[in-house]
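J.: predicted model and sequence follow; I will ask about them next.
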There are 4 protein chains.
Amino acid sequence: MSESILKSSLKMRVRFHECDPLQIVWHGNYLKFFEEGREDFGKKHNISYLDAKENGYSMPVIKSVCEHKLPLKYGDEFEVETSFVNAEAAKLIFQYKIFSSGKLICTGETIQVFTDKNSELVLNNPPFFLDWKSKMGLI
Amino acid sequence: MSESILKSSLKMRVRFHECDPLQIVWHGNYLKFFEEGREDFGKKHNISYLDAKENGYSMPVIKSVCEHKLPLKYGDEFEVETSFVNAEAAKLIFQYKIFSSGKLICTGETIQVFTDKNSELVLNNPPFFLDWKSKMGLI
Amino acid sequence: MSESILKSSLKMRVRFHECDPLQIVWHGNYLKFFEEGREDFGKKHNISYLDAKENGYSMPVIKSVCEHKLPLKYGDEFEVETSFVNAEAAKLIFQYKIFSSGKLICTGETIQVFTDKNSELVLNNPPFFLDWKSKMGLI
Amino acid sequence: MSESILKSSLKMRVRFHECDPLQIVWHGNYLKFFEEGREDFGKKHNISYLDAKENGYSMPVIKSVCEHKLPLKYGDEFEVETSFVNAEAAKLIFQYKIFSSGKLICTGETIQVFTDKNSELVLNNPPFFLDWKSKMGLI
């Protein structure tokens, strides 16, 4: 249920230098689009305090997946739909769908963990994250 | 069995511009390292004719996965181990392991398909790919 | 005079993966911002037909310069001001200024030439470019 | 005179994702090659201690220029020749020439300054840099 609520959608356009000799977006650049989607989500749902410096945490990506259905070309406009997946573990999970002209271009997922100032993995959800979840009605 | 034979290993070093404000390799750049590993594999095992232009095929990546265990920093030397996964379907599947100083940094996988000159998906293994598989004792 | 008329201004924001371990935009990424500025200029002033495929020309960049005054950090909003420099030779010259919070971040310039379908340098201004210049009151 | 002595030469190969839809290296990527050349120079001539952290200095690039003569394509092998320009001011100036198959591909220059721990510009050459210059017979 929460998944259907906590989404954001960001419009972007393919830059020339994001395309490869096959005239399409180089597959690795979709992770950049996901990152933009994730940040857009943070702005819309007020988790910008997730910022490492303010809370003493970093949130490195420990897994990323991207599945391509259709290519994007230079100049194409597209939309990154970012959905929050409410996990119990101390992880930030986002799922992505990229659409262009009404067609599904790709789907993806990233998983982030929390590390503290000593770069040590944090096993429990940090207080600021629990606060946010609570505010959002997720717990 | 074939998996243990068909591997390649490429030494690389982290470039400054591949690192992010967290002082580590930006997660999306690992797909660049995988691509280098894949190409290195092609050179060592003579599948450079897989090249789109010569055979009339392209091999777009349709899925990529990367799981991070440890970070890499600027200047770190590492090794990309690329293994061919012998699939029956008309797909090119590679698995990757990146090591640095004897430690596992990340694992990954990419899946590529074949498309023809009209960018149409090719459902059967192209002749040149079957030839290569045969030469390598994979079929 | 024309220089003061033919400008465009594009708002952008620094992406995380555009920053380096010094926590600032990696210097080479400013050429990406200039490219975005150039394209924005093309949209606003109708030189999108400059596109290689439609007119049989490519416009490779043969020189680029960037001078940095102040750094940009992750999340900073900035503006790329792109100005057309009206040259007589068969060249496209753009000058750039990037501003953030009212401060000058950097200046730059790119020079492009025209090449034909055989990748040969075109010494005279192509007809479509002269047409555009004429429409814009530049000749 | 010193210029002819203090050089380094690094062999590289064009990666697929460094090329753009025109099938050539995207012009902005040459700044990555220059950076690699610069680092290679540092290794060969022992200025790796120039590293910001160890000496408390950063060396941001304040100007970069690249002039293109010929394009590079995917897979092309090339050589980055990096030359130190012995300036009196507190600046690090490098000039670059990239060659491939005996042909000059491009030339370039970067200028770096020294900043201290407070990100303030350092107007005089830092001691470690003077030491290095002295060892190299440049002063």
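T.: Yes, it's here.

J.: how about the residues of chain A by chain D?
T.: With Cβ under 8 Å from any Cβ of the partner chain as the criterion, chain A meets chain D at residues A:16-17, A:19-21, A:23, A:26, A:28, A:74. The way it works is simple: take the backbone N, C-alpha and C, and place the C-beta from them, glycine included.

J.: quickly find the element holding the residue lying farthest from the centre of chain A.
T.: Within chain A, A:P21 marks the point farthest from the mean C-alpha position, 26.9 Å out by Cα atoms, centre = their mean. Assigned by DSSP states H and E, A:P21 belongs to neither a helix nor a strand.

J.: against D:E36, how distant is it?
T.: Distance of A:P21 to D:E36, given as Cβ to Cβ, to the nearest Å: 21 Å.

J.: also A:G137?
T.: From A:G137 to D:E36 the distance is 50 Å (Cβ to Cβ).

J.: which stretches of chain A form strands?
T.: A:7-13, A:61-68, A:77-85, A:91-100, A:103-113 (DSSP state E).

J.: specify the angle between the first one and strand A:91-100 in degrees.
T.: Spelled out, it's strand A:7-13. 50 degrees (axes from the mean of the first three to the mean of the last three Cα atoms, to 10 degrees).

J.: ditto for the second one
T.: Interaxial angle, strand A:61-68 versus strand A:91-100 (the same axes, to 10 degrees): 20 degrees.

J.: packing partners for strand A:61-68?
T.: With contacts taken as 3 or more Cβ pairs under 8 Å, 6 or more residues apart in numbering or on different chains; DSSP states H and E, strand A:61-68 sits against helix A:30-44, strand A:103-113, strand B:61-68.

J.: which one, of these, ends up nearest to A:F84?
T.: helix A:30-44 (6.7 Å; Cβ to Cβ).

J.: what comes up buried for the closest one?
T.: Judged by neighbour count (16 or more other Cβ atoms under 10 Å in any protein chain shown), helix A:30-44 contains these buried residues: A:30-42.

J.: out of the helices and strands packed on strand A:61-68, which comes closest to A:A89?
T.: Of the helices and strands packed on strand A:61-68, nearest to A:A89 by Cβ to Cβ is strand A:103-113, at 8.8 Å.

J.: next, the angle strand A:61-68 makes with that closest one.
T.: Going by the same axes, to 10 degrees, strand A:103-113 makes 170 degrees with strand A:61-68.

J.: measure A:T82 to A:I93 for me?
T.: 11 Å.

J.: which residue of those two possesses the greater neighbour count?
T.: A:T82 (28 against 15; other Cβ atoms under 10 Å in any protein chain shown).

J.: which residues sit in contact with the more buried one?
T.: Counting by Cβ atoms under 8 Å, 6 or more residues apart in numbering or on different chains, A:T82 makes contact with A:7-10, A:34, A:37-38, A:40-41, A:94-96.

J.: who's it bridged to?
T.: A:S8, A:Y96 (DSSP bridges).

J.: before we move on, what about A:M12?
T.: What pairs with A:M12, by the bridge criterion (DSSP bridges), is A:F78.

J.: wait, isn't it in contact with A:F78?
T.: Yes: counting by Cβ atoms under 8 Å, A:M12 touches A:F78, with 5.8 Å between them.

J.: what do those two both touch?
T.: With Cβ under 8 Å, 6+ apart, A:M12 and A:F78 have common neighbours A:F33.

J.: and the residue most central in space within chain A, how far is that from A:S64?
T.: Nearest to the geometric centre of chain A sits A:R38, at 3.1 Å (Cα atoms, centre = their mean). From A:R38 across to A:S64, the span is 11 Å (Cβ to Cβ).

J.: where do the contact lists of these two overlap?
T.: With Cβ under 8 Å, 6+ apart as the test, A:R38 and A:S64 both reach A:T110.

J.: how many neighbours does A:E77 have?
T.: 12.

J.: pLDDT score assigned to A:S58?
T.: Note on A:S58: pLDDT of 88.

J.: so where's chain A uncertain?
T.: Where chain A drops to pLDDT under 70, the residues are A:1-4, A:48-53.

J.: return the residues of it in contact with chain C.
T.: Within chain A, the positions near chain C by Cβ under 8 Å from any Cβ are A:15-17, A:32, A:35-36, A:39.

J.: and stretch A:126-139, how far from the chain's centre?
T.: 18 Å (Cα atoms, centre = their mean, to the nearest Å).

J.: just the CA atoms of stretch A:116-125, as PDB, please.
T.: Output in PDB follows, covering the C-alpha atoms of stretch A:116-125 (Å, rounded to 0.1, in the frame of the first residue of the first chain):
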ATOM      1  CA  ASP A 116      28.400   5.500  10.300                       C
ATOM      2  CA  LYS A 117      31.200   8.000  10.600                       C
ATOM      3  CA  ASN A 118      33.700   5.200  10.800                       C
ATOM      4  CA  SER A 119      32.300   3.700   7.600                       C
ATOM      5  CA  GLU A 120      30.900   0.800   9.700                       C
ATOM      6  CA  LEU A 121      27.700  -0.800   8.600                       C
ATOM      7  CA  VAL A 122      24.800   0.200  10.800                       C
ATOM      8  CA  LEU A 123      22.500  -2.700  11.600                       C
ATOM      9  CA  ASN A 124      19.500  -0.900  13.000                       C
ATOM     10  CA  ASN A 125      17.500   1.800  11.300                       C
END
